[in-house]
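Enquirer: make a model of this:
(2 chains)
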Amino acid sequence: MANAITINNLMFNYQEHQVTLNIPEFNVSVGETVFIHGESGSGKSTLIKLLAGLRSPSSGKVEILSTDLSSLSAPQRDKFRAQNVGVVYQQFNLIPYLSAVDNVLLAAKLSKVGLSEPRVSAREALLNLHLRERDINQPAYQLSIGQQQRVAIARAMITKPRLLLVDEPTSALDQENTTTFVNQLLSQANELNSAIVCVSHDMSYADSFQRQVSFEVLNQATKGAQQ
Amino acid sequence: MNIIAKTALRSVWYRRNAAIMAVFSVAISVFVLLSVEHIRSNVKQHFSRSTTGVDLIVGPRTGDMNLLLYSVFNVGYPTHTLSGKSYVALSKHPNVDWVAPIVLGDTHKGYRVVGTTSTLFSQLTIGDQQPLTFAAGEPFSVKEVVLGAKVAAKLGYQLSSKIVLSHGLGKHSFKKHKEAPLRVSGILAPTGTPIDHAIYTSVTTLVSIHDGHGHHSPGADKIAATKQQAQTNSEHTEHDHSEQAEHDHGEHAEHDQGEHAEHDQGEHAEHDHSEHTEHGHSEHPEALINEKLSAVFVGVNDRRLLLTMQRQINQYSGEALTAILPGVVMMELWQIMNNVEQSLQFIALLVFIATIFGIAAMLQSSMRERRQEIDILRTIGASPSLNYWLLTIEAFVIVSAGILAAGIIMTLSVAIINYAFDGLSGIPLSFEIINQYSLMAVLSLIGLTFIISSVPAYSAYAMSKKV
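Expert: Below is the predicted model of the structure:
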């Protein structure tokens, strides 16, 4: 079966002569859940952006669902991301002045995935994540961080993406909320057979994922850069 | 609602404190921009309706503009008179079809009383050569008046109401002709011209009610008064400053001019009105040969000879006269108004541009807090150009709200001016604020908005590229 992610000789640098990422090889199978552990500031978020197609590698190849991102034009990459890749960040996942429902709807709209009843689907997705009816019509900035992160899952999953990228999703959450969040994330992904790549410094829930990878091992650039 | 439009609207509302200020700022500048043109076109339309049917206006030697303004538009004052002899001579000119005298000087509750003959009613036309019609009653005869439509409506007069004229051209005249009440014989249909704001009576009636004061003709009376006033106003450096003059000048700032004029004139007890006209043929020009007039309206047989006639009258040997072609003087008036209007519009445009730059600055300074929103939008698939357009739409929303507010303010202002203040100096303003000009102006302003807001929008675009 094809891979959800295939990375070959990926190099990335923000500035010349200063390599941030150097990943010779990294593959994720379809439906596989992977936990990447690494300290903050090590370039994990950059990897997520490369995988999402928000950034382009300096050299090397990133294939998502058998599509070489560098073969796509910028608008095509935006469309590809909207339709196939869901992203959940550490914080600030939502447009603060839109309600939870509208945040989800906006993602559905931008993906141009034709949902028959987008508003109904959005509402159901949110209620499934144990958000209350009265909360989902509030502007997002009025929700607690825990609620916001759950809305972010719903937002990422509304287009039924084949790949879910998650960047330090729990660092703003307490223990209880973390557990709830991770369980909901995994069960949603499992339902849709979506692959997950989760990067975090928090090892406490790493075991919930099928595979654990150390970012230090993955990224050859780290060794040189830290000297 | 489209979720993209909703996002832009919510974003504006989220930053509403700044946005509302910007909306007000836009509203004020657009209000000035549109109302200047609105007033100009209304005034022009109003004025243009007013002089049709009159081929030539003849007055004493005075400025063309002044003659037009006081004889037709009830604005300003005559500074001299022309003699009844000239009037009679004029009426005998072979090319003259009709003549109607205009004698100013008295008022009733702030409305000007025009002494004339009933020829005026039959000859004056308004707008597209429509004749003047009576809503009720008929032209005046002796000791009677005809009211303009607005006068009757505002003061609640009907046929046969009795009114008392005041001496002088002010609203608060002290001297009233109480002993000589006049009967309302007719009320004119509304015309949308200064006629609506005037009271018409015969010259002979005016002469007769001034009998109590002596033997001056009313025109001369008032004219002498206003002349003195003009001196206290503008030429007082050349004249000896009597206490009286000083006093007049000071008060004058707050009040209409007539009362002071009339105040001074009150001392002149030795008027010498004769009763000769009361039973005479008042309609016949000869009947007014001894009177002094403010102006004469003239209709001619052959309009091709107008310029020749004008020259003849201006060179008339019997008396220094001024003849004007109302249409020509009106053109000069528009030229002056045009310049004023253009300056005002230019200033309003600058204010508007400053406002748009203010909006652009507001958007630009919100860019830091938008960073996250832009990242989120990019993450869920928005293109950089969508972020560009979102900012542009926000600017558009603010400007549109301001334009809408300006429209509302204008409509309210027109309503207040029309109903509470009886129009702008008597000129009713139209509620049709949406016209070709305002649409063009609004479209241009929106175009400008898109151009200027492209600066912060481009920042959002550039930011989108660096998620």
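
Enquirer: CA only for contacts and neighbour counts going forward, please
Expert: Will do.

Enquirer: quick check: the residue in the stretch 301-450 of chain B positioned nearest to chain A vs residue A:61, distance?
Expert: Residue of the stretch 301-450 of chain B nearest chain A, by CA to the nearest CA: residue B:381 (4.3 Å). Distance, residue B:381 to residue A:61, by CA to CA, to the nearest Å: 21 Å.

Enquirer: equivalent analysis for residue B:164, please.
Expert: 101 Å.

Enquirer: more neighbours: which of these two?
Expert: Set side by side, residue B:164 and residue A:61 show more neighbours around residue A:61, with 20 against 16, by other CA atoms under 10 Å in any protein chain shown.

Enquirer: need the contact list for the more buried one.
Expert: A:6, A:7, A:8, A:9, A:10, A:68, A:69, A:70 (CA atoms under 8 Å, 6 or more residues apart in numbering or on different chains).

Enquirer: what does residue A:30 give?
Expert: A:1, A:2, A:3, A:4, A:65, A:162, A:193, A:194, A:195.

Enquirer: now which of the residues you listed would you call buried?
Expert: Buried members of the contacts of residue A:30, scored by 16 or more other CA atoms under 10 Å in any protein chain shown, are A:3, A:4, A:65, A:162, A:193, A:194, A:195.

Enquirer: which one of the residues you listed is nearest to chain B?
Expert: For the buried ones among the contacts of residue A:30, the nearest to chain B is residue A:162 (14.3 Å; CA to the nearest CA).

Enquirer: now the closest residue to the closest one other than its chain neighbours: phi and psi?
Expert: In this structure, residue A:162 finds its nearest non-sequential neighbour in residue A:194, 4.5 Å apart by CA to CA, 6 or more residues apart in numbering or on different chains. When read as degrees, to the nearest 10, the backbone of residue A:194 gives phi -90, psi 140.

Enquirer: for residue A:186, see how far away residue A:194 is.
Expert: When CA to CA is the yardstick, residue A:194 and residue A:186 sit 9 Å from each other.

Enquirer: any weak-confidence spans in the chain?
Expert: Going with chain A. Flagging of chain A using pLDDT under 70 yields the residue ranges A:1, A:16-17, A:222-227.

Enquirer: wait, chain B
Expert: Applying pLDDT under 70 to chain B flags residues B:1, B:51, B:168-179, B:211-283, B:422, B:425-426, B:467.

Enquirer: longest helix of it?
Expert: Taking DSSP state H as the criterion, chain B has its longest helix at helix B:326-365.

Enquirer: quick check: which helices or strands does that helix pack against?
Expert: Applying 3 or more CA pairs under 8 Å, 6 or more residues apart in numbering or on different chains; DSSP states H and E, one finds that helix B:326-365 contacts helix B:16-50, helix B:64-72, helix B:384-420, helix B:436-465.

Enquirer: make a markdown table out of these and add mean neighbour count and distance to chain A.
Expert: Formatted as a markdown table, the helices and strands packed on helix B:326-365 follow (neighbours: other CA atoms under 10 Å in any protein chain shown; distance: least, CA to the nearest CA, whole Å):
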| stretch | mean neighbour count | distance to chain A |
| --- | --- | --- |
| helix B:16-50 | 20 | 12 |
| helix B:64-72 | 21 | 60 |
| helix B:384-420 | 20 | 9 |
| helix B:436-465 | 18 | 8 |
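
Enquirer: who in chain A is up against chain B?
Expert: Proximity of chain A to chain B (CA under 8 Å from any CA of the partner chain) is limited to residues A:49, A:52, A:54-55, A:75, A:78-83, A:86-87, A:92-98, A:102, A:105-107, A:109-111, A:156.
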